[in-house]
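> A predicted structure for the sequence below; I have some questions about it.
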Amino acid sequence: MSVPAIELSGLAKRYDDRTVLHDVGFRVAPGEVVALLGPSGAGKTTLFRCLTRLAEADAGEIRVLGQPMRDLPPRALRRARRDIGLVFQQHNLIRRRSALDNVLAGRLAETPLWRVVAGRFAAADRLRARAALDRVGLLELAHQRADRLSGGQQQRVAIARVLAQRSRIVLADEPVASLDPVTATAVLALLRQIAHQDGIAVLCSLHQVDLVPGFADRVLGLRAGRLVADAPIAEFRPAAEEALYAAS
């Protein structure tokens with residue numbers, strides 16, 4: 001049996017007197033696409049922050065590719081984070097730089113500082129960035145400024161950046177919330193294709209529940225910081241969805 005890409009057990013997080021996550025545990029396998037659902041304030045973003053240790057969990061264990069994340073010293077934590085690609089709702093691109101430059105940002109962690117300062121990435125890194133853009137269908141726009149791309153194209157650049165980073169895990173936090181339904185479906189289909197072809201684990205938080213059946217292999221439901229659903233997509237019933245989003 002392969003080592004889970006992500007494994008959480010007993011995860012808990014408090015902010016002052018408010019408990020945001022309660023005893024959360026699940027696994028995500030390499031190549032598996034998992035949709036994380038839940039109403040606003042359920043704890044989805046906090047879960048992502050704890051997983052990457054941008055926020056420190058108060059209890060529980062986090063393993064990434066079999067590596068315990070808790071108590072990792074700074075250098076080891078930086079190495080572990082290289083395996084995790086992040087895709088956000090607002091793309092987090094450098095708007096005045098080209099699509100290619102933005103994808104090259106995925107190589108920063110493995111690039112000597114002098115190359116970064118001089119903007120002189122190695123030829124292999126440039127080839128990898130161009131290949132990533134080709135993979136997402138944007139090679140012809142490699143030199144287009146990011147702020148002149150459509151929302152869907154910008155999100156594809158963000159996915160290409162993850163590919164250039166050679167991530168083995170993708171955490172996507174509401175990646176299609178600002179896109180129209182057709183573009184959103186296309187972006188999610190691209191993520192799914194890459195996950196299945198490359199064996200990349202994808203954990204994606206979504207509000208558009210109607211997009212989940214054609215995208216995810218499995219559904220996790222988070223409500224008030226508790227994991228209340230964990231089921232293959234074929235077993236995620238409308239009743240479970242209604243309970244997840246029912247008014248408090």
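Now that the structure is in, tell me what you want to look at.
> ok, what's across the strand from the residue most central in space within the chain?
Nearest to the mean C-alpha position of the chain, by CA atoms, centre = their mean, lies L171 at 1.6 Å. With DSSP bridges as the criterion, L171 is bridged to L86, L203.
> What is the top helix by length along the chain packed up against?
Scanning the chain for the helix with the most residues, using DSSP state H, yields helix 181-198. Helices and strands touching helix 181-198, by 3 or more CB pairs under 8 Å, 6 or more residues apart in numbering; DSSP states H and E, are strand 33-37, helix 151-165, strand 169-173, strand 201-205. Using the backbone N, CA and C atoms, a C-beta is placed for each residue, glycine as well.
> Which residue ranges make up the domains of this structure?
Per the record, the chain has its domains at 1-83+169-248, 94-167, by automatic domain parsing.
> Which of the helices or strands spans A12?
strand 6-15 (DSSP states H and E).
> got the angle for that strand vs strand 33-37?
Calculated by axes from the mean of the first three to the mean of the last three CA atoms, to 10 degrees, strand 6-15 forms an angle of 20 degrees with strand 33-37.
> and R14, what are its bridge partners?
Legend: beta-bridge partners of R14 under DSSP bridges are T19.
> What's the separation between it and A146?
Note on R14: its distance to A146, by CB to CB, to the nearest Å, is 38 Å.
> what about these two, which has more around it?
A146 (21 against 14; other CB atoms under 10 Å).
> Now do the same contact list for A224.
22, 41-43, 248 (CB atoms under 8 Å, 6 or more residues apart in numbering).
> can those residues go into JSON lines with extra columns for secondary structure and distance to V202?
Output for the contacts of A224, formatted as JSON lines (DSSP: H, G, I helix; E, B strand; the rest coil; distance: CB to CB, whole Å):
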{"residue": "H22", "secondary structure": "strand", "distance to V202": "24"}
{"residue": "G41", "secondary structure": "coil", "distance to V202": "23"}
{"residue": "A42", "secondary structure": "coil", "distance to V202": "19"}
{"residue": "G43", "secondary structure": "coil", "distance to V202": "19"}
{"residue": "S248", "secondary structure": "coil", "distance to V202": "29"}
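> of those residues, buried ones?
Of the members of those, the ones counted as buried by neighbours, 16 or more other CB atoms under 10 Å, are 22, 42-43.
> got these as JSON lines, with pLDDT columns?
Shown next, in JSON lines, are the buried ones among the contacts of A224 (pLDDT from 0 to 100):
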{"residue": "H22", "pLDDT": "95"}
{"residue": "A42", "pLDDT": "91"}
{"residue": "G43", "pLDDT": "92"}
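> nearest to A35, of those residues?
A42 (13.2 Å; CB to CB).
> shouldn't the closest one be in contact with L222?
Yes: between A42 and L222 there is a contact under CB atoms under 8 Å: 4.4 Å.
> The helix or strand T45 falls within versus strand 169-173: what angle between them?
Applying DSSP H and E as the criterion places T45 in helix 44-51. For helix 44-51 against strand 169-173, the angle by the same axes, to 10 degrees is 150 degrees.
> can you give me the mean pLDDT across helix 44-51?
Here helix 44-51 scores 94 as its mean pLDDT.
> for this protein, which spans come out with low pLDDT?
1, 91, 108-120, 238-239, 247-248 (pLDDT under 70).
> 80 instead?
When residues are selected by pLDDT under 80, those of the chain lie in 1, 89-92, 106-122, 237-243, 245-248.
> what's the spacing between G25 and R128?
Applying CB to CB to G25 and R128 gives a distance of 35 Å.
> neighbour-wise, which of those two wins?
More crowded of G25 and R128, by other CB under 10 Å: R128, with 20 against 13.
> which residues touch the more buried one?
107, 164.
> what does V103 give?
V103 is in contact with 129, 132-133, 157, 160-161, 164, counting by CB under 8 Å, 6+ apart.
> Return the distance of it relative to V87.
13 Å.
> Then A132?
13 Å.
> which neighbours do those two share?
With CB under 8 Å, 6+ apart, A132 and V87 have no common neighbours.
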